[in-house]
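Visitor: Below are the sequence and a predicted model; questions follow.
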Amino acid sequence: MLDMRSVHSFSAWSHLVAAVAFAAYGLIRVALFDELVLANKLATASVFVYAATFAISTLYHVVGDNQTLSRPMVEIDQAAVLFSLTVTIATDVSIACYAGPTLRVRAWVDIIASPVLTTVFFGIVLPTISTHNTWVKRGAVSKGTLRHYHSDLQHMNTRRGTALCVLLGWIPTAHLLYERIQSTPAAVLLAAYATGVVLVLSAQLNDATEFTDRWLPDVSRIYKRWLPIESHGVWHVVSTLATVFLVVAREYALASQRQQHTLMP
């Protein structure tokens, strides 16, 4: 059971709220938009994928203090993030191809290859690594942000490199947005991507350097009802905001495509 004063509690609650909100929005999308266009189907599916990703993150942080249970959950959590990024790219490419022609099968395989291969690789490697070798501690005792979690330091660069490639995977397809979507919605969608990359990388840098842990005051000690917030909790808030920005921009682009092709003779 999650201790409400655990440093994992804020991370768990923040993404639980996000999971419920995105699941609710997904249901609203199902009710309001029933077109059989692939772009619309993927837009709805992506919202549920985001909800599932946030839910998995919540479960991971619920068991975050448990050395045994958190080990497989951190792998599932990281795989879910990669798949959600991949679904994001596939969805926005399909918006660009709203009225055709659609991408070839090889293009779709290229889009999903990275998360699939990475997940399979670490699924094979994981059992060969001792749990004790990955159980690390970070944070500041004086700020109440000391926490334990699993970190595969041996393959850290591989994980970060793959995540960065997938995070920037929209760049090779950006020309499709400008070629097939009106300029303003395309610019808004690309701006949402760029903003998301900056926010996510900044939050990841904050998490890696523990800037929040080291230099900001522990608000939970100042305001007794607040949950303790550490650098990873900041990442949770930023990742949620970046996802919201992207979904709003995508709906704008979809509405533009829908209107444009409705008006076509």
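Guide: All right, it came through fine.

Visitor: can you give me the strands for this structure?
Guide: Applying DSSP state E to the chain gives strands spanning 135-138, 147-150.

Visitor: gap between Ile229 and His8?
Guide: Computed as Cβ to Cβ, to the nearest Å, the Ile229 to His8 distance reads 11 Å. No exception for glycine: its C-beta is placed from N, CA and C like everyone else's.

Visitor: correction: His15
Guide: In this structure, His15 lies at 11 Å from His8, with Cβ to Cβ as the measure.

Visitor: what's the answer for Gly64, then?
Guide: When Cβ to Cβ is the yardstick, Gly64 and His8 sit 4 Å from each other.

Visitor: correct me, but Thr162 touches Thr118?
Guide: Yes. Counting by Cβ atoms under 8 Å, Thr162 sits close enough to Thr118 to count as a contact (4.8 Å).

Visitor: for the stretch 1-150 of the chain, which spans come out with low pLDDT?
Guide: Scanning the stretch 1-150 of the chain for pLDDT under 70 picks out 1-7, 34-36, 98-111, 114, 121-150.

Visitor: how about 90 then?
Guide: Across the stretch 1-150 of the chain, the stretches falling below the confidence threshold (pLDDT under 90) are 1-13, 30-43, 60-150.

Visitor: where exactly do the helices run in it?
Guide: Taking DSSP state H, counting those that start in this stretch as the test, the helices found in the stretch 1-150 of the chain are 8-32, 38-62, 70-96, 105-125, 131-134.

Visitor: In CSV: these, plus mean neighbour count and distance to Val234.
Guide: Below are the helices of the stretch 1-150 of the chain laid out as CSV (neighbours: other Cβ atoms under 10 Å; distance: least, Cβ to Cβ, whole Å):
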stretch, mean neighbour count, distance to Val234
helix 8-32, 18, 9
helix 38-62, 22, 14
helix 70-96, 21, 16
helix 105-125, 14, 25
helix 131-134, 12, 23
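
Visitor: now those helices in a markdown table, with distance to Ala203?
Guide: Listed next are these as a markdown table, based on distance: least, Cβ to Cβ, whole Å:
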| stretch | distance to Ala203 |
| --- | --- |
| helix 8-32 | 12 |
| helix 38-62 | 14 |
| helix 70-96 | 13 |
| helix 105-125 | 20 |
| helix 131-134 | 22 |
